[in-house]
Structures are given as structure tokens and as C-alpha cells.
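**Student:** Based on what follows, work out the 3D shape:
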Amino acid sequence: MIFDKLDRLERYYSLNQYFQKAFDFVKSNNLKAFEPGKYEIEGENAFLIIAIALPDPGFQHKLEAHRKYIDIQIAVEGSFTLAWKALEDCKNVIEDYNPVKDAIFFLDKGDFEVIINCGCFAILMPEDAHFPQPPEKDNVKKGVLKIMF
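**Tutor:** Okay, the predicted model is just below:
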């Protein structure tokens, strides 16, 4: 996992052939003005999902990991907590890998948590199991860049 501020996105262009186009899209658009939904950047190779995370006191903590896509989690308005654990350390599968959802889910707890504040992001590679937790009280607007691995 990489955690950093949005104003340093250029540092990560070389990590993936679609990062520069995706990051330029983020920098050149006001994501606060976007409605929830999916926004194409480079077809299915790079796209943005805008979502509103609502408080959910009854949420079930479960880590997820992806094989096909890199997740880049961005706090657009508000902040959220992101739990992380190395995929190879996850032992308690609760949902087998689903290629349509590009996700496998685990009941394991994260090894650590980081708060993603507005203006920050986290890059999560396929070996990074993660769990974006729902906010405690206020709605959070977030963006998730999905980048083909």
C-alpha cells in the first residue's frame, strides 16, 4: 500500500501504464461536483467510481482483495478509515474470489488502519487486502480509481 497526498500524484506515474492518465483526470476535474456513479477514463483499463459512504453501525468488517484491478481510494469530501493486511497473511476466506466482482473477502482483521483525509489517497495493489470502513457519523464522498493491473 502507498499512502500520500494528492498533490504528489506525479511521483507514481511510472508504477502502471494507466496511472498518468487516471491521475491527470483526477487533477483536472473537481471530483466534489461529480454525482455518484462510474466515470470512464481509459475504457475498462482505468475508471473512477464516485460513491457516498453512509454511517452503518451494524457493518460487518471484512477485508477485500482484487486480482484484476489496483484500487486507489480517495477522500473527496470528509475522511474515512482504511484497514490493511498483507494478502498472504489473510486466512479466513468468507467469499471466494468472484471474477465478475474482482474480489475475494476475508474475515481477518487488518494489521493497521490509516485515516484517508480529504486531499489524500491510498494505492492498493492486488497483494493489499483492505477494508474502507463506513464513517461514524457524517456521510463521506469518496472516489475509487480502478486501474487494470
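**Student:** tell me the SS of the closest residue to K27 other than its chain neighbours?
**Tutor:** Leaving out its chain neighbours, the residue that sits closest to K27 by C-beta to C-beta, 6 or more residues apart in numbering is L9, at 6.6 Å. C-beta coordinates here come from the backbone N, C-alpha and C atoms, glycine included. Going by DSSP: H, G, I helix; E, B strand; the rest coil, the secondary structure assigned to L9 is helix.
**Student:** if I look at L9, how far off is C118?
**Tutor:** L9 is 15 Å from C118, where distance means C-beta to C-beta, to the nearest Å.
**Student:** again, but for N139
**Tutor:** Taking C-beta to C-beta, one finds N139 at 13 Å from C118.
**Student:** Find residues that contact each of those two.
**Tutor:** G78 (C-beta atoms under 8 Å, 6 or more residues apart in numbering).
**Student:** just the helices in the chain please.
**Tutor:** 19-28 (DSSP state H).
**Student:** Where do the strands of it begin and end?
**Tutor:** In the chain, strands defined by DSSP state E lie at 2-5, 37-42, 46-53, 63-65, 69-77, 80-86, 93-98, 103-106, 112-116, 120-124, 128-132, 140-148, listed in chain order.
**Student:** need the ones you listed in JSON lines with mean neighbour count, distance to F19 and mean pLDDT, can you?
**Tutor:** Below are the strands of the chain laid out as JSON lines (neighbours: other C-beta atoms under 10 Å; distance: least, C-beta to C-beta, whole Å; pLDDT from 0 to 100):
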{"stretch": "strand 2-5", "mean neighbour count": "13", "distance to F19": "11", "mean pLDDT": "97"}
{"stretch": "strand 37-42", "mean neighbour count": "13", "distance to F19": "10", "mean pLDDT": "98"}
{"stretch": "strand 46-53", "mean neighbour count": "18", "distance to F19": "8", "mean pLDDT": "96"}
{"stretch": "strand 63-65", "mean neighbour count": "21", "distance to F19": "20", "mean pLDDT": "97"}
{"stretch": "strand 69-77", "mean neighbour count": "21", "distance to F19": "8", "mean pLDDT": "97"}
{"stretch": "strand 80-86", "mean neighbour count": "18", "distance to F19": "19", "mean pLDDT": "96"}
{"stretch": "strand 93-98", "mean neighbour count": "11", "distance to F19": "24", "mean pLDDT": "97"}
{"stretch": "strand 103-106", "mean neighbour count": "20", "distance to F19": "21", "mean pLDDT": "98"}
{"stretch": "strand 112-116", "mean neighbour count": "14", "distance to F19": "18", "mean pLDDT": "95"}
{"stretch": "strand 120-124", "mean neighbour count": "21", "distance to F19": "9", "mean pLDDT": "97"}
{"stretch": "strand 128-132", "mean neighbour count": "22", "distance to F19": "16", "mean pLDDT": "95"}
{"stretch": "strand 140-148", "mean neighbour count": "21", "distance to F19": "7", "mean pLDDT": "97"}
